[in-house]
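**Q** What follows is a protein structure lacking sequence information:
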């Protein structure tokens, strides 16, 4: 099953690393969309079928927390899993991120294995639901 | 009381290794005066029970080399905006690692969007006189790092 992935991160280097990791991890991705902030991510979500969102928290214009709030208002969460990639991952931060609707939280810097295992876990879940 | 400088150095060196595949060593005695322009100066601030800023300053050539390591390309193929973004992202990741190391697992901090500017040789040399600067060397290129925190940790 080929999937469409949306990567939202204010850092072009970080987006490139995530996209490269997805490719290296042999995730069956048909399209990988990139957004530099939450607002751009929402525009992509409105006009494309997206299966998984991988997003940073700290982004200009609209951060990852607000992105998840709007996705939830629009009913996109929980049907589209949101994997948050953050540099800070203490208990307080993780709790706040999960409360906003994130399905998983990955700490930067991450390994390709972490990305692959996390995405594959959601693909397996989606497969079982269908 | 936590040794903020020690924690900062440990977190920054781990970030450089894990994210940029750059192995660094501290050497405060070696001269930075003969490094060539241009330089990039990145900054990230965070606030909560304390306000703090992390600044990283490095020759653009080092930023290109680290970006090349991260993205799997030759340093001279790295676009100009990616060189500065690499240093910003290193500051961002180091900041994220430092917060729980210094303040524990439960404190909430707001992290600002990192910024970066190009600086000239004169501005670069001004850092040399700052006693709070940590000088790291990565394959004969210097990286000047500073953590400034308000109040005691």
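**A** Sure, I can see it. The structure displayed is predicted, hence computed values, not measured ones. Numbers count the residues shown, from 1 in each chain, chains lettered A, B, ... in the order given.

**Q** What residues does chain B have near chain A?
**A** B:15, B:18-19, B:67, B:70-72, B:81-82, B:85-86, B:88-89, B:92-93, B:95-97, B:99-100, B:104-109, B:111, B:113 (Cβ under 8 Å from any Cβ of the partner chain). In short, each C-beta sits where N, CA and C put it, glycine included.

**Q** again, only this time at 6 Å
**A** Listed as neighbours of chain A in chain B under the rule Cβ under 6 Å from any Cβ of the partner chain: B:18-19, B:71, B:82, B:85-86, B:89, B:92-93, B:96, B:99-100, B:105-106, B:108, B:111, B:113.

**Q** and whatever residue of chain B ends up closest to chain A, how many neighbours does it have?
**A** Nearest to chain A, among the residues of chain B, is residue B:96, at 2.5 Å (Cβ to the nearest Cβ). Counted with other Cβ atoms under 10 Å in any protein chain shown, the neighbours of residue B:96 add up to 26.

**Q** same deal with residue B:146?
**A** By other Cβ under 10 Å, the residues close to residue B:146 number 17.

**Q** what residues are up against the closest residue in space to residue B:136 that isn't next to it in sequence?
**A** Among residues not flanking residue B:136 along the chain, residue B:24 sits closest, at 4.1 Å (Cβ to Cβ, 6 or more residues apart in numbering or on different chains). Contacts for residue B:24 (Cβ atoms under 6 Å, 6 or more residues apart in numbering or on different chains) come out as B:13, B:16, B:136, B:138.

**Q** any chance you could map the strands in chain A?
**A** Secondary structure of chain A (DSSP state E): strands located at A:3-8, A:29-35, A:52-56, A:82-86, A:104-107.

**Q** For chain B, find the nearest of those.
**A** strand A:82-86 (6.7 Å).

**Q** can you map out the strands along chain B?
**A** Counting by DSSP E, the strands of chain B are B:25-26, B:39-47, B:51-59, B:110-111, B:115-119, B:134-138, B:141-149.

**Q** Using TSV, lay out the ones you listed together with mean pLDDT.
**A** Shown next, in TSV, are those (pLDDT from 0 to 100):
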stretch	mean pLDDT
strand B:25-26	92
strand B:39-47	95
strand B:51-59	95
strand B:110-111	90
strand B:115-119	95
strand B:134-138	93
strand B:141-149	93
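
**Q** what's near enough to touch whichever residue of chain A sits closest to chain B?
**A** Closest to chain B within chain A is residue A:87: 2.5 Å, counting by Cβ to the nearest Cβ. Residues counted as contacts of residue A:87 (Cβ under 6 Å, 6+ apart) are A:108, B:92-93, B:96.

**Q** just those residues now: which is nearest residue A:18?
**A** Nearest to residue A:18 among these is residue A:108, at 9.8 Å by Cβ to Cβ.

**Q** okay, now the closest one: neighbour count?
**A** 23.

**Q** so it makes contact with residue B:92?
**A** No - with contact defined as Cβ atoms under 6 Å, residue A:108 does not reach residue B:92; the gap is 7.6 Å.

**Q** With pLDDT and distance to residue A:31 as extra columns, can I get the contacts of residue A:87 in JSON lines?
**A** Putting those into JSON lines (pLDDT from 0 to 100; distance: Cβ to Cβ, whole Å) gives the following:
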{"residue": "A:108", "pLDDT": "91", "distance to residue A:31": "24"}
{"residue": "B:92", "pLDDT": "96", "distance to residue A:31": "27"}
{"residue": "B:93", "pLDDT": "96", "distance to residue A:31": "27"}
{"residue": "B:96", "pLDDT": "93", "distance to residue A:31": "29"}
